[in-house]
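Participant: only the shape, not the letters, is given here:
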Ligand SMILES: O=c1ccn([C@H]2C[C@H](O)[C@@H](CO)O2)c(=O)[nH]1
Ligand SMILES: [Zn+2]
């Protein structure tokens, strides 16, 4: 059974409920799909030392990697935005580490989304190949 973009968005919306955002009040949810069909969710987690906030996307990626998963098909990201929730530069770089072909579904609370590949969100990215 494959997990659709719509299903992944729905899972990101559920993860968003756990966002810890006392400072920005901007709640974000993410759901990361592995090539073997597992999903790791994430939310943003802020801190009184503001710069230490971890985005929803990186929370999901670090959860997956720390449990032994490195091969990803797609990630969904959702927030209360007028158009589509676009990953920040740091998250684009962290996603790029695991492959430019990962599909990024960027959504909002209305269930609308658009999809781009990591390599199109971060053209010419610096990655593992540059260290060979
Ligand atoms: O794609 C994004 C954009 C922002 N944030 C978080 C970081 C911070 O907690 C809050 C406001 O920037 O939203 C994410 O989690 N993902
Ligand atoms: Zn980010």
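Facilitator: Right, received. Where do you want to start? Nothing here was measured: the structure is a model prediction, and the numbers come from that model. Ligands and ions are numbered 1, 2, ... in the order given.

Participant: ranges for the helices of this protein?
Facilitator: Per DSSP state H, the chain carries helices over the ranges 5-16, 56-66, 89-96, 118-121.

Participant: columns mean neighbour count on top of the ones you listed, output as CSV?
Facilitator: Heads up, the C-betas are built off the backbone N, CA and C, glycines and all. Listed next are the helices of the chain as CSV, based on neighbours: other C-beta atoms under 10 Å:
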stretch, mean neighbour count
helix 5-16, 20
helix 56-66, 21
helix 89-96, 18
helix 118-121, 18
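
Participant: what's the closest of those to ligand 2?
Facilitator: The stretch from the helices of the chain with the least distance to ligand 2 (C-beta to the ion) is helix 89-96; that distance is 3.2 Å.

Participant: and the residue sitting nearest the centre point of the chain, what does it touch?
Facilitator: Closest residue to the average C-alpha location of the chain: residue 57 at 3.0 Å, with C-alpha atoms, centre = their mean. Residue 57 is in contact with 28, 30, 32, 42, 75, 77, 87, 91, 94-95, counting by C-beta atoms under 8 Å, 6 or more residues apart in numbering.

Participant: from those, which is closest to ligand 1?
Facilitator: Within these, the smallest distance to ligand 1 is 3.5 Å, found for residue 28 (C-beta to the nearest ligand atom).

Participant: who's the closest one bridged to?
Facilitator: Applying DSSP bridges to residue 28 yields these beta-bridge partners: residue 79.

Participant: what about ligand 2: which of the contacts of residue 57 touch it?
Facilitator: Among the contacts of residue 57, the residues lying close to ligand 2 (C-beta under 5 Å from the ion) are residue 91.

Participant: which one of the contacts of residue 57 is nearest residue 109?
Facilitator: Proximity of the contacts of residue 57 to residue 109 was ranked by C-beta to C-beta; the top entry is residue 28 with 11.2 Å.

Participant: quick revisit: if you drop the residues flanking it in sequence, what lies closest to the residue nearest to the centre of the chain?
Facilitator: Nearest residue to residue 57 in three dimensions, chain neighbours excluded: residue 91, at 4.0 Å (C-beta to C-beta, 6 or more residues apart in numbering).
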